[in-house]
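**Student:** what follows is a predicted structure for the sequence shown.
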Amino acid sequence: MNTKTMTRSLLLAAFIAPFSLLAFAQTKPDAHAQHAKPGAAASAMDVPQDALPAVEIVDQFGKALASGDLKTVGDLLDPAVLILESGGAERSRDEYLGHHAIADAAFLKGAHQQIKRRIARISGETTWVGTESELHATKDGKATTTLSTETMVLNRTPQGWRIVHIHWSSRTKR
């Protein structure tokens, strides 16, 4: 191996190592709970008392979206919210409300959400809420169940908690 290649390899290893160690240190045996035995921790809530007001905003957002109340949805979003879903991004409240929110509301209109797990953490003026759920809906006349994961980040503002970031991921349950 020549000196240039060895230097690049060492630099790359030095760059990647801290991230690998961090991921290893944070991984627990049950880190991929979706592969756990059926019935294991079917409904787990880990929400500290001081995070409850932010979690209530997350719930209000979900209910407003499912009922098609896009005014309330908009009121709960920060104007500069970043929403990531399925490899796409919407970079503002107005962009989301003008496009994807309409389709999300239509999908959720007849759906039933069953929260399986929720964790929230608060640090100062910021709270993040992670939710794993099942969405039961009808699509093209057939019952379907979607496994959904959602992360919302909220900041405390003079108007109360506002959602500044959402990341959604989902797949059809087998």
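**Tutor:** Structure's in. What do you need?

**Student:** can you give me the distance of V58 to E150?
**Tutor:** Computed as CB to CB, to the nearest Å, the V58 to E150 distance reads 8 Å. Placement of C-beta: from N, CA and C, glycine included.

**Student:** quickly list what's touching both of these two.
**Tutor:** Listed as contacting both V58 and E150 by CB atoms under 8 Å, 6 or more residues apart in numbering are 129, 131.

**Student:** pull the longest strand from the chain.
**Tutor:** Counting residues, the longest strand found in the chain (DSSP state E) is strand 142-157.

**Student:** so how far is whichever strand or helix holds V81 off the chain centroid?
**Tutor:** The secondary structure element spanning V81 is strand 77-85 (assigned by DSSP states H and E). Centroid displacement of strand 77-85 relative to its chain, using CA atoms, centre = their mean, to the nearest Å, is 12 Å.

**Student:** next, the buried residues of the next helix or strand after it.
**Tutor:** Downstream of strand 77-85, the first helix or strand assigned by DSSP H and E is strand 88-90. Within strand 88-90, the residues that count as buried by 16 or more other CB atoms under 10 Å are E90.

**Student:** do stretch 153-163 as well
**Tutor:** Buried residues in stretch 153-163 (16+ other CB under 10 Å): 153-154, 161-163.

**Student:** which of the residues you listed lies closest to Q49?
**Tutor:** W161 (14.8 Å; CB to CB).

**Student:** list the beta-bridge partners for that closest one.
**Tutor:** Beta-bridge partners recorded for W161 (DSSP bridges): R156.

**Student:** what sits against it?
**Tutor:** By CB under 8 Å, 6+ apart, the residues touching W161 are 53-54, 57, 127, 154-155.

**Student:** tell me where the protein has helices.
**Tutor:** For the chain, applying DSSP state H gives helices covering 3-26, 52-66, 70-76, 93-98, 100-108.

**Student:** for the third one, packing partners?
**Tutor:** If I follow you right, that is helix 70-76. Judged by 3 or more CB pairs under 8 Å, 6 or more residues apart in numbering; DSSP states H and E, helix 70-76 is in contact with helix 52-66, helix 93-98, helix 100-108.

**Student:** what helices or strands is the shortest one leaning on?
**Tutor:** What it means is helix 93-98. On a contact count with 3+ CB pairs under 8 Å, 6+ apart, helix 93-98 meets helix 70-76, strand 77-85.

**Student:** with just CA atoms, put that helix into CSV.
**Tutor:** Extracted in CSV, the C-alpha atoms of helix 93-98 (Å, rounded to 0.1, in the frame of the first residue of the first chain):
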residue,chain,number,x,y,z
ARG,A,93,-45.2,25.4,7.4
ASP,A,94,-46.6,27.0,4.2
GLU,A,95,-45.0,24.4,2.0
TYR,A,96,-46.4,21.6,4.0
LEU,A,97,-49.9,23.1,4.3
GLY,A,98,-50.0,23.8,0.6
